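**Student:** Please work out how this folds:
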Amino acid sequence: MADARFTDADPAPLALLASDADDLTVISALVQDAVLPVTEIAYDSRHRQLALLLNRFRWEDAELARRDGRPYERVQAVLLVSDVQRVQSDGIARQDKDLVLELLTLAWQPGEDGTGRLLLEFSGDGTLAVDAECLNVELRDVTRPYLAPSRRAPRHPDN
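**Tutor:** Numbering: from 1, shown residues only. Take a look at the predicted model:
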């Protein structure tokens, strides 16, 4: 009997929590190139949470899909930011119900005593700035993976 390999594992849905900048780097890489309608952003000030329903590219599966010659996948996931004090947007037309955003990166700007600002940066220079008591970001896949409509991996031109 051969040893188990990483590729033998059942591809379970992601459920990750970021409570420091290193954790956030991992989540940021996994949500890069996620797309969402502007209507799928919800801020609940009473519960102090910001939620985004993303269609994220499955970067964790991309190399294996390429190697196996099968189509790339996306999955719907919730990005939940907790302990939110305030949310501001810049360059995002929230009134345009047909607007589709592409998430590029997440960045944490630490403040005093654990507080800080989480920046969600979108293509086209749109940004959500989230002032928070602490860094508390959760990424959770909520559907089964599906074929990426383009059947291609996102590409970024070299700078």
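**Student:** Low-confidence bits of this protein, can you list those?
**Tutor:** Applying pLDDT under 70 to the chain picks out residues 1-11, 157-159.
**Student:** repeat that for 50
**Tutor:** The model of the chain has pLDDT under 50 over residues 1, 3-9, 159.
**Student:** Kindly state the beta-bridge partners for I41.
**Tutor:** Beta-bridge pairing of I41 under DSSP bridges involves L52.
**Student:** Check the burial of T25 by counting its neighbours.
**Tutor:** By other C-beta atoms under 10 Å, 15 other residues sit near T25. For glycine as for every other residue, the C-beta is placed from the backbone atoms N, C-alpha and C.
**Student:** Show me what the host helix or strand of it is packed against.
**Tutor:** Per DSSP states H and E, T25 falls inside helix 21-31. Contacts defined by 3 or more C-beta pairs under 8 Å, 6 or more residues apart in numbering; DSSP states H and E place helix 21-31 against strand 15-18, strand 49-57, helix 59-68, strand 73-82, strand 100-110, strand 137-141.
**Student:** Sheet partners, orientation included, of the last one?
**Tutor:** Meaning strand 137-141. Paired neighbours of strand 137-141 in the sheet (DSSP bridges): strand 15-18 (antiparallel), strand 73-82 (antiparallel).
**Student:** got a list of what the spatially most central residue of the chain touches?
**Tutor:** Central residue of the chain (C-alpha atoms, centre = their mean): V31, 3.1 Å from the mean position. By C-beta atoms under 8 Å, 6 or more residues apart in numbering, the residues touching V31 are L54, R56, A77, L79, L103, L106, L139.
**Student:** and the strands paired with strand 137-141, which is most packed in?
**Tutor:** With neighbours taken as mean count of other C-beta atoms under 10 Å, the strands paired with strand 137-141 reach their highest mean count in strand 73-82, at a mean of 20.
**Student:** After that one, which helix or strand is next?
**Tutor:** Past strand 73-82, the next helix or strand by DSSP H and E is strand 84-90.
**Student:** re the thing from before, nearest to A132, of the contacts of V31?
**Tutor:** Distance to A132 across the contacts of V31 (C-beta to C-beta) is lowest for L106, with 12.1 Å.
**Student:** I'd like to know how many residues surround the nearest residue to that closest one once chain neighbours are set aside.
**Tutor:** Using C-beta to C-beta, 6 or more residues apart in numbering and skipping the chain neighbours, the partner closest in space to L106 is S28 (4.1 Å). Look at S28: counted by other C-beta under 10 Å, it has 21 neighbours.
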